[in-house]
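*Asks:* 3D model of this:
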Amino acid sequence: MPPARLNVRKPISAAVPFVAPVRPLPLEPVHATLGASFGDVAGWRIPLDYGDAVAEQRAVRTASTVNPSSIALAWKIDGIIR
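*Replies:* Predicted structure coming up:
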């Protein structure tokens, strides 16, 4: 007799993946005004670039910048600026 075959079936959750809604950042209108193109990362709609990579690099190297990591952690800013 041939060996018995197991009938292995995927669970329903594996057959139909769950797609969570994508959340926009609070400053998305500001980024859009500045010409950003957006993409979905970790459930958030974030700016990926602003069109001209050379101009972006020049701006980062010659001015103050903030890397938005609000999708990864919470910030608490406290204290007195002197």
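
*Asks:* now the helices for this structure?
*Replies:* 12-15, 28-33, 53-62 (DSSP state H).

*Asks:* residues contacting the nearest residue to L34 once chain neighbours are set aside?
*Replies:* Leaving aside its sequence neighbours, L34 sits nearest to Y50 (C-beta to C-beta, 6 or more residues apart in numbering; 6.0 Å). Just so you know, the C-beta spots here come from the backbone N, C-alpha and C atoms, and that holds for glycine as well. For Y50, the contact set (C-beta atoms under 8 Å, 6 or more residues apart in numbering) comprises 34-37, 56.

*Asks:* got a markdown table for the helices of the chain, with distance to R45 and mean neighbour count too?
*Replies:* Listed next are the helices of the chain as a markdown table, based on distance: least, C-beta to C-beta, whole Å; neighbours: other C-beta atoms under 10 Å:
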| stretch | distance to R45 | mean neighbour count |
| --- | --- | --- |
| helix 12-15 | 25 | 8 |
| helix 28-33 | 7 | 13 |
| helix 53-62 | 19 | 10 |
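
*Asks:* nearest to P21, out of those helices?
*Replies:* Among the helices of the chain, the nearest to P21 by C-beta to C-beta is helix 28-33 (14.6 Å).

*Asks:* what is that closest one packed up against?
*Replies:* Contacts defined by 3 or more C-beta pairs under 8 Å, 6 or more residues apart in numbering; DSSP states H and E place helix 28-33 against strand 37-41, strand 44-49.

*Asks:* please enumerate residues in contact with it?
*Replies:* So helix 28-33 is contacted by 25, 38, 45, 47 (C-beta under 8 Å, 6+ apart).

*Asks:* could I get the residues you listed as TSV with neighbour count?
*Replies:* Formatted as TSV, those follow (neighbours: other C-beta atoms under 10 Å):
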residue	neighbour count
L25	16
F38	17
R45	16
P47	18
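
*Asks:* I80: which of those residues is nearest?
*Replies:* L25 (28.4 Å).

*Asks:* surely that closest one touches W44?
*Replies:* Yes - between L25 and W44 there is a contact under C-beta atoms under 8 Å: 6.4 Å.
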